[in-house]
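Provide a 3D model corresponding to the input given below.
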Amino acid sequence: MRRRSNRSNSEQTSDIDMTPMLDIVFIMLIFFIVTTSFVKESGIDVNRPTAQTATRKEKGNIIVAIKPNGDVWIDKRQVDIRAVRANVSRLHAEQPLGSVVIAADKETTVRVLTQVMDQIRLAGIVNASIATETE
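A predicted model of the protein is given here:
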């Protein structure tokens, strides 16, 4: 014998369980956050010189920027030339596999660039790169 329900077939509603979809969205969010690589910037814009032999370096974790007037910026802070060594040493200790990239404006004097490179070498880093634009 068949029981008769209070609702007819057209009146029946079905609920959709949203929990599995929310779980998947949450897992995807965690995946994208973990796999994202963050780009460190020096904090200022510089007009880099061009070079025919420039090669692309994908990972430059320590960026030292030099403005045309000789101001040196590291990690979005302006630092004195005498403090470049300490700042680079500290950042290199945090990222031992990271490289140092000097982003000097094309109007920067050679004297300031040489002083910054000297401070970086005194910090124990012998393979610092100079950022340029490709032609």
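
Leu29: helix or strand, and which one exactly?
Per DSSP states H and E, Leu29 falls inside helix 19-35.

Averaged pLDDT, stretch 126-135. What do you get?
Here stretch 126-135 scores 77 as its mean pLDDT.

Centre of the chain to it, how far?
17 Å (CA atoms, centre = their mean, to the nearest Å).

shift numbering so it begins at 46
Got it, first residue is 46 now, which makes that one stretch 171-180.

So which bits of that stretch are buried?
Ala173, Ile175, Ala176, Thr177 (16 or more other CB atoms under 10 Å). No exception for glycine: its C-beta is placed from N, CA and C like everyone else's.

Looking at these, point me to the pair that's furthest apart.
The most widely separated members of those, counting by CB to CB, are Ala173 and Thr177 (13.4 Å).

joint contacts of those two?
Counting by CB atoms under 8 Å, 6 or more residues apart in numbering, no residue touches both Ala173 and Thr177.

Which residue ranges of this protein form strands?
Remark: strands assigned in the chain by DSSP state E are 95-96, 107-111, 117-119, 122-124, 145-149, 174-175, 178-179.

closest to His137 out of the ones you listed?
Among the strands of the chain, the nearest to His137 by CB to CB is strand 107-111 (6.4 Å).

and the closest one, which strands flank it?
strand 117-119 (antiparallel), strand 145-149 (parallel) (DSSP bridges).

and the helix holding Leu74, average pLDDT?
Mean predicted lDDT for helix 64-80 stands at 87.

same question, stretch 124-134
So the average pLDDT for stretch 124-134 ends up being 91.

and if you look at stretch 147-163?
Mean pLDDT, computed over stretch 147-163, is 89.

In that stretch, which of the residues would be classed as buried?
Buried, per 16+ other CB under 10 Å, within stretch 147-163: Ile147, Ala148, Ala149, Asp150, Thr153, Val157, Leu158, Gln160, Val161, Met162.

any idea how far Trp118 is from the fifth one?
From Thr153 across to Trp118, the span is 12 Å (CB to CB, to the nearest Å).
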